[in-house]
Every structure is written in C-alpha cells, then in structure tokens.
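Participant: fold the stuff below for me.
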Amino acid sequence: MKNLLYAIIAMCMLYVGLQQITWTGSDMQVVFVMSWLCLAIFVIGGNFAHYLYGPKKRNHRTHAHTEMKKRPIKQKTYLRQ
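Facilitator: Residues are numbered from 1 along each chain as shown. Purely as a prediction, here's the structure:
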C-alpha cells in the first residue's frame, strides 16, 4: 500500500513540475529535461509494478495453522548395535 501512495505522490509532483518546465532552449537543456522526465516515469512505473506484482500478504491464522501440524518423527537407524 505504501508503494501506491509513493506512486500517487510522484504523479502529483510530475504534474506540478510539467507546468514549470520549458521545452525551448539549448540542446543540453532539452536533454536534461527529457532525462528527468524519463526517470520520473520509471519511478512511477516501478512503484506501480511493485504494488501490482509484489508478494501477497498471508493470513496469519492460516499460516500459523499449517506450521502447527505435527510431522511424524523419523526413527534413527544405527549401523552398529
């Protein structure tokens, strides 16, 4: 859930930042702006991917129930008696 919040915050920051960006200027300025936008899109995509495809949380009761099942005890075998 934390990653979804981070993705939404990053999208809001990108929305506010896009209004301040100037697309005209020297080639270095345009490359700098495009690289920061690419990085921002990767951050947003990574947070959404972690939210969507991350490991699922287990229910504590069912997990504890499976661990409490007793397994049969194996008998030790000795070579010499």
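Participant: alpha carbons only for contacts and neighbour counts from here, please
Facilitator: Will do.
Participant: residue closest to the middle of the chain?
Facilitator: Nearest to the mean C-alpha position of the chain, by Cα atoms, centre = their mean, lies residue 50 at 2.8 Å.
Participant: now that residue. Nearest residue, chain neighbours left out?
Facilitator: residue 3 (6.9 Å; Cα to Cα, 6 or more residues apart in numbering).
Participant: separation between that neighbour and residue 44?
Facilitator: If you measure residue 3 against residue 44 using Cα to Cα, to the nearest Å, the figure is 9 Å.
Participant: could you do residue 54 as well?
Facilitator: For residue 54 relative to residue 44 (Cα to Cα), the value is 15 Å.
Participant: tell me which of the two has more neighbours.
Facilitator: More neighbours surround residue 44 than the other of residue 54 and residue 44, with 19 against 11 (other Cα atoms under 10 Å).
Participant: list the contacts for residue 3?
Facilitator: 47-48, 50-51 (Cα atoms under 8 Å, 6 or more residues apart in numbering).
Participant: which other helices and strands contact the longest helix anywhere in the chain?
Facilitator: Counting residues, the longest helix in the chain under DSSP state H turns out to be helix 27-53. Applying 3 or more Cα pairs under 8 Å, 6 or more residues apart in numbering; DSSP states H and E, we find helix 27-53 packed against helix 2-20.
Participant: show the average pLDDT along the helix it packs on.
Facilitator: When pLDDT is averaged over helix 2-20, the result is 86.
Participant: so, low pLDDT: which residues of this protein?
Facilitator: Residue ranges of the chain with pLDDT under 70: 58-71, 81.
Participant: residue 2 and residue 13, how far apart?
Facilitator: Plainly put, residue 2 is 17 Å away from residue 13 if you go by Cα to Cα.
Participant: of the two, give the one with the bigger neighbour count.
Facilitator: Neighbour count, other Cα under 10 Å: between residue 2 and residue 13, residue 13 has more, with 12 against 9.
Participant: okay, the more buried one and residue 74: tell me how far apart.
Facilitator: On the measure of Cα to Cα, residue 13 and residue 74 end up 60 Å apart.
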